[in-house]
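K.L.:
Would you be able to build a 3D model of this:
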Amino acid sequence: QVQLVESGGGLVQPGGSLRLACVVSGLELDGYSVGWFRQAPGKEREGVICRMSSDGTTSYEESVKGRFTISRDNLKNMVYLQMDSVKPEDTAVYHCAAPIWAGVHGYVYDYWGQGTQVTVSW
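P.N.:
Below you'll find the predicted structure:
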């Protein structure tokens, strides 16, 4: 059984930083692309906002490029999201996902976690 469990969310002020973590069990991450997506309150789920392939290549949506950094530790089977210079519009539940594949209409993923809430506010 594949499980992904996120942690590290919370309340952060605009301009601040937060680091999310995701531990994966039941699936060896080595060899797969991993990533994060989010869902803001009252809105539809966004597509994958950042992704890291098995060779370490990363890609980011424009809304988070230059502010968010994805990383992974295959030995620990974990995925991380470093969030810097956060904005109120980053408020959402953040989910990690794996493996991630290139679909016809964007990235698709087989498994994802329950998510961790990130709230950016004064």
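K.L.:
confidence score at the residue of the chain positioned farthest from its centre?
P.N.:
Largest separation from the mean C-alpha position in the chain: Trp122, at 23.3 Å (Cα atoms, centre = their mean). Note for Trp122: predicted pLDDT of 93.
K.L.:
list the contacts for it?
P.N.:
The neighbours of Trp122, taking Cβ atoms under 8 Å, 6 or more residues apart in numbering as the test, are 13-14. All C-beta atoms are positioned from the backbone trio N, CA, C, and that covers glycine.
K.L.:
so what's the spatially most central residue of the chain up against?
P.N.:
Centroid check for the chain by Cα atoms, centre = their mean gives Trp36 as the closest residue, at 2.2 Å. Going by Cβ under 8 Å, 6+ apart, Trp36 touches 20, 22, 48-50, 70, 79, 81, 94-97.
K.L.:
from these, which two are the most distant?
P.N.:
Leu20 and Val48 (14.5 Å; Cβ to Cβ).
K.L.:
what's the closest non-adjacent residue to Ser71?
P.N.:
Tyr80 (4.7 Å; Cβ to Cβ, 6 or more residues apart in numbering).
K.L.:
mind listing what's buried in the lowest-mean-pLDDT helix or strand in the chain?
P.N.:
The least trusted helix or strand in the chain, going by mean pLDDT, DSSP states H and E, turns out to be strand 106-112, with a mean of 92. For strand 106-112, a neighbour-count test (16 or more other Cβ atoms under 10 Å) marks 107, 109, 111-112 as buried.
K.L.:
ok, now stretch 75-88?
P.N.:
Neighbour-count burial for stretch 75-88 [16+ other Cβ under 10 Å]: 77-81, 83, 86.
K.L.:
so how far is the first residue of that stretch from its last?
P.N.:
34 Å (Cα to Cα, to the nearest Å).
K.L.:
Same check on stretch 40-57?
P.N.:
27 Å.
K.L.:
Restricted to strands, list the contacts of Trp36.
P.N.:
The strands, defined by DSSP state E, take in 20, 22, 50, 70, 79, 81, 94-97 from those.
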